[in-house]
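> have a look; sequence and predicted model below, questions after that.
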Amino acid sequence: MSETKTKTDQICVKTKALLFDMDGVLISSIGSVVRCWQRWCEMYGVPNPDSFEVPHGTRAVDIVRMLKPEFDEAQVAEGLRVIEEMEIEDTADLTVLPGVKSLLEGLPPECWVIVTSATRRLLLGRLAAAGLPIPERFISGDMVVRGKPDPEPYMRGAELLGFPPGECVVVEDAPSGVGAGVAAGCRVLGVLGTHDASGLHEAKWIVTSLEEVAVTVVGDELELRFSPELGS
């Protein structure tokens, strides 16, 4: 991959593939996430359920284990099933984020993948509810042994597409996902929304939204042009 600057202070980045997080990057489901986890906390007797702050970008199974460390594996699985059903059913205020639909529709299917902490069922349910294209390949939270910030998800995503991580750009909105992308050996484009710029400081570049990112297919590469909020 290469990076150049244009006369208009835009950056031009060439890459083989894009590895997208889902929630906070492609769609916003934060309302559903907060409502469902607070209901879950109330159901399972977690203290102060109405004030529980969801650790964005963390797999549901890891949140269940964090909230109920006394659970055995069967109880963890049941707790995961409950929150998954809640989130699949709650799509009232789910929205597609600016610039996403046209960007995804213009990408060759072999050049992008979704790498999310959501389960496979939740990923498919949210994309369908949002009316976004279903990628040919994806890595969901239940397909990996270790979730973000471990590099496994993004290493697996690059492997699915057949490229070394260093030839891929990760697009993330959460510190755990940015850390996972960096640890995997990818360059990371941070997107503001669920976190401010200070929370995404490990990202190579940061943009306000994907509406600011133009992607062109040039031969067997993707060419990204954008004006970063900050970065090197």
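That came through fine. All values reported here derive from a predicted model rather than from experimental measurement.
> ok, residues contacting stretch 156-164?
The contact list for stretch 156-164, computed with Cβ atoms under 8 Å, 6 or more residues apart in numbering, reads 16-17, 19, 110-113, 115, 137-139, 143-144, 165, 167-168, 184-186. All C-beta atoms are positioned from the backbone trio N, CA, C, and that covers glycine.
> now, the residues you listed that are in strands?
17, 19, 112-113, 115, 138-139, 168 (DSSP state E).
> with Tyr44 as the reference, measure out to the residue nearest the centre of the chain.
Compute the mean C-alpha point of the chain, and by Cα atoms, centre = their mean the closest residue is Asp21, 1.8 Å away. For Asp21, the distance to Tyr44 equals 27 Å [Cβ to Cβ, to the nearest Å].
> again, but for Gly31
In terms of Cβ to Cβ, Gly31 sits 21 Å off from Tyr44.
> ditto for Ser117
20 Å.
> ok, back up a step: ok, the residue nearest to the centre of the chain - contacts?
57, 114-116, 170-174, 177.
> export the ones in strands among the contacts of stretch 156-164 to TSV and tack on pLDDT?
Output for the ones in strands among the contacts of stretch 156-164, formatted as TSV (pLDDT from 0 to 100):
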residue	pLDDT
Ala17	97
Leu19	98
Trp112	96
Val113	97
Val115	98
Phe138	97
Ile139	97
Cys168	98
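> the residues you listed: which two are farthest apart?
Greatest spatial distance among these (Cβ to Cβ): Phe138 and Cys168, at 14.3 Å.
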